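A.B. asks: Below is the sequence, then the predicted model.
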Amino acid sequence: MGNSHSTSNSRGSAPKTTSNRLQVKAAELELSPTELLTKALTQKTSDEEGLPSGISCSTFNKYLFPHYPDLGIRLFNYIAGKPNSKITTCSNFKAQIEKLLSILSDDQQRQIYLVMFGDNQSISNEQFRNLLLVIYKIAMFHYPEGPQSCRQLFRTVQAVVEGAYHRKDELSIGYMKTWIERNTPRLINLLHRYVVHILGTSHVHFRDNFSCPRARSLPSLELELSTPVLEKDCSHFWESSSHPLLPVSQVWILASTLPTLYTKPSHELVQTHSASLLQATNHIAKFLDLNYPSHWALLYNSNQHGLGPNRFLHHVMNYKGPTLTFLRAEQDLEFCIGSTHEWHETQYYWGGEECTIIQILPNYHVLERGGKSMYLNFTIRGYPHGIKAGKDPRAPILEIDDSFALIQFCKVPYKLLSIEVWGCGTPKEREVQLDIRKWQVKEAEKQRDVKVKSCDWGNHPDRYLLELARTPSSNFG
């Protein structure tokens, strides 16, 4: 009897246990993501550190930012409201997280992260460098082609720091907000997008009992941060070049500067065999306004194709999409010209309002933006020959002579070393250009096979050239 009684009790307790679990899940569904995250971190702090209440900095870093401890510490200190904080209350944590997850303007985002990495009123050049390195690390860790490294990283970061600080040790938060708005307007957005993603979705991993931070790392596609991808076909040359003009660190910083016309992503995400993963990925992409990044195609490289106007025109003309032209000169000068329209010869200045002229090295900053700032002419007589960039036709910022030997920067001449042109349009635009080039080659071959009759030779231009060279042509009558 006793045994049957105990069995009946155990059977009776099973529905109660199931009912309790359902009640817990129902209660969790009524909680917001912020409340769920606060509850989970509080429980982890209590279990692992024996603290009765609150959330510790070490727990926050361990479970939310295991790959970026510097970012985690600074973010926790900002949430706690004071530097070197070890713990914060649950109510304060929840309130600050809700503020970060709310809709913030670009100016508010810049204010938050500059204060987070600097002081209340100012930020030093070293603190700004740390901010740049954190953003770069996040962008490259979630790069579509896999985590990336760049030998030119510190050179690129130093150029950005020098462009902002001009050898000063410290600048005000207000000045830096203005500088970022003008020169790298989407720099902080990349960081904030990542932080929002982590704070807004990490509660799911606690619910699913993911205890190891590395085991719950998300697919990089979900965190795509819009850094353009370089065309693979030319990567072997890019890697072997002794003077690469386009390191991936420059691609990253340019993506935060250029108008979205040049970095506009496609709307096609990478396919996956898991329908549930694809659905979750698309949902996160829509929530964070993320898409698969654009691909920049190499059109012209003077180190490979030869430095000269004819080679430039041959490889660049008939590409209908926007382009980026990189110019490298002596004394470590490097510039980028963003052209909204295809390159074409005319005696007039042309280009849309999103044309951009940037100095990359030695000091990174935007020189000029605006329409009708591009000029290309090598054949029209009576007008200046060469390439010019700048809104003032009387004093363009950049000028390249018709021999591609010199480049003038603000009227100061420098020896031109190399040029690269990258297409930022769709793959279809690249295919159209290649088709036009193939057609031109076929037409040229047809012209070679045309036989000149004796009756046509008298007025043929080749006869005139031969006579200039004093070559006898009597055999043709």
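C.D. replies: On my side now, so go ahead.
A.B. asks: Pull the number of nearby residues for N318.
C.D. replies: If you count neighbours by other CB atoms under 10 Å, N318 ends up with 19. Quick note: C-beta positions are derived from backbone N, CA and C, even for glycine.
A.B. asks: Does it lie in a helix or a strand, and which?
C.D. replies: Following DSSP states H and E, there is no helix or strand that holds N318.
A.B. asks: Would you quantify the distance from it to I87?
C.D. replies: With distances taken as CB to CB, to the nearest Å, N318 is found 64 Å from I87.
A.B. asks: Repeat that for L132.
C.D. replies: Relative to I87, L132 is positioned 30 Å away (criterion: CB to CB).
A.B. asks: May I have the beta-bridge partners of Y300?
C.D. replies: The bridge-partner assignment for Y300, based on DSSP bridges, gives V421.
A.B. asks: what's near enough to touch it?
C.D. replies: Counting by CB atoms under 8 Å, 6 or more residues apart in numbering, Y300 makes contact with 311-312, 315-316, 419-421.
A.B. asks: Quick one: mean pLDDT over stretch 230-242.
C.D. replies: pLDDT averaged over stretch 230-242 equals 48, rounded to a whole number.
A.B. asks: Name the nearest residue to I400, sequence neighbours excluded.
C.D. replies: Excluding the flanking residues, the one nearest I400 by CB to CB, 6 or more residues apart in numbering is I387, at 4.2 Å.
A.B. asks: Low-confidence stretches in the stretch 51-200 of the chain?
C.D. replies: Low-confidence segments of the stretch 51-200 of the chain (pLDDT under 70): 144-146.
A.B. asks: which residues of it fall in strands?
C.D. replies: Across the stretch 51-200 of the chain, reading from the start of the chain, the strands by DSSP state E, counting those that start in this stretch fall at 55-56, 87-88, 122-124, 170-172.
A.B. asks: most neighbours per residue, which of these?
C.D. replies: Of all the strands of the stretch 51-200 of the chain, strand 55-56 has the most neighbours on average by mean count of other CB atoms under 10 Å, namely a mean of 24.
A.B. asks: returning to that earlier point: list the ones among the contacts of Y300 that fall in helices.
C.D. replies: Among those, the members falling in helices (DSSP state H) are 311-312, 315-316.
A.B. asks: between those, which has the most around it?
C.D. replies: Neighbour counts for these were taken using other CB under 10 Å; the highest belongs to F312, which has 24 neighbours.
A.B. asks: and it, what does it touch?
C.D. replies: Shown here is F312, whose contacts under the criterion CB under 8 Å, 6+ apart are 300, 302, 404, 419, 421.
A.B. asks: and the two most separated of those residues?
C.D. replies: Across the contacts of F312, no pair lies farther apart than F404 and V421, at 12.7 Å, counting by CB to CB.
A.B. asks: Mind checking which of those two has more residues around it?
C.D. replies: When F404 and V421 are compared for neighbours, V421 comes out ahead with 23 against 20, by other CB under 10 Å.
A.B. asks: For the more buried one, give me the pLDDT.
C.D. replies: Looking at V421, the pLDDT reads 96.
A.B. asks: follow-up on the earlier one: so the residue nearest to I400 makes contact with S373?
C.D. replies: No. Here I387 lies out of contact with S373, judged by CB atoms under 8 Å, at a distance of 11.7 Å.
A.B. asks: Compare these two (neighbour count), which wins?
C.D. replies: Neighbour tally, I387 and S373, criterion other CB under 10 Å: the higher count belongs to S373, 28 against 24.
A.B. asks: what sits against that one?
C.D. replies: So, once contact is read as CB under 8 Å, 6+ apart, S373 ends up touching 349, 351, 355, 357, 389-391, 396.
A.B. asks: one more time with 6 Å
C.D. replies: Contacts of S373 were listed using CB atoms under 6 Å, 6 or more residues apart in numbering, and they are 351, 355, 390-391.
A.B. asks: Drop anything exposed from those residues.
C.D. replies: If you count burial by 16 or more other CB atoms under 10 Å, the buried members of the contacts of S373 come out as 351, 355, 390-391.
A.B. asks: If we only consider those, which is nearest to W343?
C.D. replies: W343 lies nearest to G351 out of those, by CB to CB, at 10.3 Å.
A.B. asks: Tell me the pLDDT of the closest one.
C.D. replies: According to the per-residue confidence, G351 scores 97 in pLDDT.
A.B. asks: From A159, how far off is the spatially closest residue to it that is not a sequence neighbour?
C.D. replies: The spatial neighbour of G351 that comes closest, neighbours along the chain excluded (CB to CB, 6+ apart), is M374 at 4.0 Å. In this structure, M374 and A159 are separated by 24 Å, where distance is defined by CB to CB.
A.B. asks: Q152 is nearest to which of the strands of the stretch 51-200 of the chain?
C.D. replies: Distances from Q152 to each of these were compared using CB to CB; the shortest belongs to strand 122-124, at 23.5 Å.
A.B. asks: elements contacting that closest one?
C.D. replies: strand 170-172 (3 or more CB pairs under 6 Å, 6 or more residues apart in numbering; DSSP states H and E).
A.B. asks: Repeat the analysis, applying 7 Å as the threshold.
C.D. replies: strand 170-172, helix 173-183 (3 or more CB pairs under 7 Å, 6 or more residues apart in numbering; DSSP states H and E).
A.B. asks: Relative to H67, which of those is closest?
C.D. replies: H67 lies closest to helix 173-183 among the helices and strands packed on strand 122-124, at 24.4 Å (CB to CB).
A.B. asks: Give me the contact list for the closest one.
C.D. replies: Applying CB atoms under 7 Å, 6 or more residues apart in numbering, the external contacts of helix 173-183 come out as 107, 110-111, 114-115, 118, 121-123, 163-164, 187-188, 257, 365-366.
A.B. asks: Now pLDDT too, for the ones in helices among the contacts of Y300, in a markdown table please.
C.D. replies: Conversion of the ones in helices among the contacts of Y300 to a markdown table gives the following (pLDDT from 0 to 100):
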| residue | pLDDT |
| --- | --- |
| R311 | 94 |
| F312 | 96 |
| H315 | 93 |
| V316 | 94 |
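A.B. asks: still on that earlier bit, nearest to P228 among the contacts of F312?
C.D. replies: The shortest approach to P228 among these belongs to V421, at 14.7 Å (CB to CB).
A.B. asks: Hmm, T356 is touching T340, no?
C.D. replies: No. Taking contact to mean CB atoms under 7 Å, the distance of 8.9 Å between T356 and T340 leaves them out of contact.
A.B. asks: Pick out whichever of those two has more residues nearby.
C.D. replies: For T356 versus T340, neighbours defined as other CB under 10 Å are more numerous around T356 (25 against 21).
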